[in-house]
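>>> Fold the following and give me the result.
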Amino acid sequence: MSMLTKAVITGATSGIGFELAKALTHSGREVLALGRNTEQLKKLASEFGCHTLCADIRDDKAIIPEMLSFKPDILINNAGIGHGIDGLDGLDVSLIQEAIDINVSSPIKLTAALLDSMKEQARGHIVNIGSVAGLHTLYSSLYGATKSAIHLFSQNLRAELHGTPIRVTEICPGRVSTGFFQAATGNEERLKALGHSGIKELTPTDIADAVLYALSAPAHVNIATIEIMPVDQAVGGMKLNRP
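Just a heads-up that it's a prediction; the model follows:
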């Protein structure tokens, strides 16, 4: 399998997605960047030569035909939302459904739509941006559940695609310096506290480098899961409350 050359990136107009679009174009790949921020899409097009599509990730009827026409051999499911990152209590039911639609349903739908095309090309790589919240207990039941779903989706998809040249990678970041907490919806006070960690966080470039590492592995190598956190962050331990 020669180098994969055409990538679709969702959530490409900010944070990790924007850095991924830059990194993949700099690596010589052709990129179709998806997002809702028209100004950022214009910047990706003018400065980096990306193809762009302004669409809500949930609008699969608008996105899937454009993806199929582009014929990518890489799909990076990066778009996500942090509803419930600070806890489930007080969260509106509509936001719960929105989190499931954006974080779980949409990446599964887009992946399913591209599998036949990748099989016909006899090459392909699905990259899912998960989270350490999908691997460990971090007091975020809704967000953690959606990212845990992506973890098992990635693991089971890899098993389903056994015998094909299509690879599946899940990238599970910890704290990354983006606007993630500012964009999340929940208790404003708790979100503000979460958003000011005081540690040296990862950068979007760190995550883009991890994705490029997985993409550049030899054809017989599948990097299944990368868990990546700042040195200042660790998970584990237990809280005990006195009666």
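>>> The host helix or strand of residue 128 pairs with which strands, and in what direction?
Counting by DSSP states H and E, the element that carries residue 128 is strand 124-129. Strand 124-129 has its sheet partners listed here by DSSP bridges as strand 74-77 (parallel), strand 166-173 (parallel).
>>> After that strand, which helix or strand is next? Please name it.
helix 141-160.
>>> low-confidence ranges in the protein?
Applying pLDDT under 70 to the chain flags the ranges 1-2, 181, 183-195, 243.
>>> which residues in it form strands?
Using DSSP state E, the strands found in the chain span residues 6-9, 30-35, 51-54, 74-77, 124-129, 166-173, 225-228.
>>> Of those strands, which is nearest residue 85?
strand 166-173 (13.3 Å; CB to CB). For glycine as for every other residue, the C-beta is placed from the backbone atoms N, C-alpha and C.
>>> quick one, which of the strands paired with strand 124-129 is packed in tightest?
The highest mean neighbour count among these, using mean count of other CB atoms under 10 Å, belongs to strand 74-77: a mean of 26.
>>> can you give me the offset of that one from its chain's centre?
Here strand 74-77 is found 8 Å from its chain centre; the criterion is CA atoms, centre = their mean, to the nearest Å.
>>> CA atoms of that strand as CSV?
Below are the C-alpha coordinates for strand 74-77, written out as CSV (Å, rounded to 0.1, in the frame of the first residue of the first chain):
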residue,chain,number,x,y,z
ILE,A,74,-8.3,8.6,5.1
LEU,A,75,-11.2,9.6,7.3
ILE,A,76,-10.4,11.5,10.5
ASN,A,77,-13.5,11.6,12.8
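>>> residues in contact with it?
With CB atoms under 8 Å, 6 or more residues apart in numbering as the test, strand 74-77 has contacts from 4, 6-10, 17, 20, 24, 29, 67, 106-107, 110-111, 114, 124-129, 150, 211, 215.
>>> if we can go back for a sec, make TSV out of the strands of the chain and add distance to residue 146.
Putting those into TSV (distance: least, CB to CB, whole Å) gives the following:
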stretch	distance to residue 146
strand 6-9	19
strand 30-35	19
strand 51-54	23
strand 74-77	12
strand 124-129	12
strand 166-173	13
strand 225-228	17
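>>> To residue 207, which of those lies closest?
Comparing those by their distance to residue 207 (CB to CB), the top pick is strand 166-173, with 5.5 Å.
>>> Nothing else from me, thank you.
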